[in-house]
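Undergrad: just coords:
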């Protein structure tokens, strides 16, 4: 298996307006042509060339443009990709030792390759979504308690 590169792609701030303009065009087209499963785009760099893309690829492009336009870096990682512990820790924005603790506690699925742990990107994303839900529920509970106590 090839090594997965998860370094995010970013754009310079001065290109944000251009990216946001492209995003509006792509979203508008997708909205107006909801029945299309394949979308043909024209690349006009020198001799114009047409490319036919699956709708899902164009929707993914729109999502990437939205993040880039908002100044966030974007990485595309296949769901079946396996990440090193350092890559997984970087995705979660935690230390590698903290991630190892999560793995040892059974919070995130992994497998051993020799003496090294490998984490499926899909398992990592699933954990991140669950953790986000837990955090949101805890914040909602704290807000509710604050309101009940008249602190808010």
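TA: Received, thanks. If you're wondering where the values come from, they're calculated on a predicted model, not measured in any experiment.
Undergrad: secondary structure element for residue 53?
TA: Using DSSP states H and E, residue 53 sits within strand 49-54.
Undergrad: adjacent strands (with direction) for that strand?
TA: Strand 49-54 has the following strand partners under DSSP bridges: strand 38-43 (antiparallel).
Undergrad: what's next to the strand it pairs with, contact-wise?
TA: Around strand 38-43, the neighbours that count as contacts under C-beta atoms under 8 Å, 6 or more residues apart in numbering are 29, 33, 48, 49, 50, 51, 52, 53, 54, 55, 58. The C-beta positions use only the backbone N, C-alpha and C, and glycine is treated the same way.
Undergrad: what about those, which one has the most neighbours?
TA: Greatest neighbour count in the contacts of strand 38-43, by other C-beta atoms under 10 Å, goes to residue 58: 19 neighbours.
Undergrad: please, which helix or strand holds that residue?
TA: Judged by DSSP H and E, residue 58 forms part of helix 55-69.
Undergrad: could I get the average pLDDT for the helix or strand that that helix is followed by?
TA: As assigned by DSSP H and E, the chain's next helix or strand after helix 55-69 is strand 82-83. In this model, strand 82-83 has a mean pLDDT of 92.
Undergrad: neighbours around residue 82, how many?
TA: Residue 82 - counted by other C-beta under 10 Å - has 20 other residues nearby.
Undergrad: roughly how far does it sit from residue 144?
TA: Relative to residue 144, residue 82 is positioned 40 Å away (C-beta to C-beta, to the nearest Å).
Undergrad: which elements pack onto the helix holding residue 58?
TA: If you count contacts as 3 or more C-beta pairs under 8 Å, 6 or more residues apart in numbering; DSSP states H and E, helix 55-69 packs onto helix 16-32, strand 38-43.
Undergrad: and of the ones you listed, who's closest to residue 109?
TA: Taking C-beta to C-beta, helix 16-32 is the member of those nearest to residue 109, at 34.0 Å.
Undergrad: beta partners of residue 118?
TA: Residue 118 forms beta bridges with residue 111, as assigned by DSSP bridges.
Undergrad: just the pLDDT for it.
TA: Listed pLDDT for residue 118 reads 95.
Undergrad: how is the protein carved up into domains?
TA: For the chain, automatic domain parsing gives the domain ranges 13-69, 82-148.
Undergrad: make a markdown table out of those domains and add distance to residue 6.
TA: Formatted as a markdown table, the domains of the chain follow (distance: least, C-beta to C-beta, whole Å):
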| stretch | distance to residue 6 |
| --- | --- |
| domain 13-69 | 14 |
| domain 82-148 | 5 |
